[in-house]
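# Got a predicted structure plus its sequence, pasted below:
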Amino acid sequence: MINKKQTIRMPIVMAYRTSRCRRSTAGEVGADYVAFGAFHPTATKATTHRPELDLLTTWQETVEVPCVAIGGITVDNAAALARAGADFVAVSAGVWSYPEGPAAAVSRFTAVLAGASE
């Protein structure tokens, strides 16, 4: 329960499809994280561009603000995004439409992403 004197801090989020030139902006405005995508085809929303994985790698090498990979992420493609430099993956259909159910998807994602960091 939050009392009237407490303040809720909402995260500052920046989302880019591809831009490398805006990387300094994220830190300057105090972004908590940035999101890049859609890396894969997705039914969640219309997309026309697919950034390359090296965008994540370059981001990790040059910026301290964490990055999130979005767009069409499944248990089959999440590890490559993590290895490329995604700090987080944002998943929708990859969980809710997983054939064995959402709980199984979360377990599988956990295992796949843990393996990618080794």
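Received it, and whenever you're ready, just let me know what you need.
# Identify the bridge partners of the spatially most central residue of the chain.
Geometric centre of the chain, nearest residue: Val68, 2.2 Å, by Cα atoms, centre = their mean. Under DSSP bridges, the beta-bridge partners of Val68 are Ala35, Phe88.
# Confirm Ala114 sits in a strand?
No. Counting by DSSP: H, G, I helix; E, B strand; the rest coil, Ala114 is not part of a strand but helix.
# Now do it, the pLDDT please.
With respect to pLDDT, Ala114 scores 92.
# burial of it, as a residue count?
Applying other Cβ atoms under 10 Å, we find 11 residues neighbouring Ala114. Bear in mind the C-beta positions are built from the backbone N, C-alpha and C, glycine included.
# With Thr42 instead?
With other Cβ under 10 Å as criterion, Thr42 counts 17.
# Grab the nearest non-local neighbour of it.
Nearest residue to Thr42 in three dimensions, chain neighbours excluded: Gly72, at 4.0 Å (Cβ to Cβ, 6 or more residues apart in numbering).
# That neighbour reaches Pro51, doesn't it?
No. Gly72 lies out of contact with Pro51 (Cβ atoms under 8 Å); the separation is 12.0 Å.
# how long is stretch 48-62 from one end to the other?
Using Cα to Cα, to the nearest Å, one end of stretch 48-62 lies 26 Å from the other.
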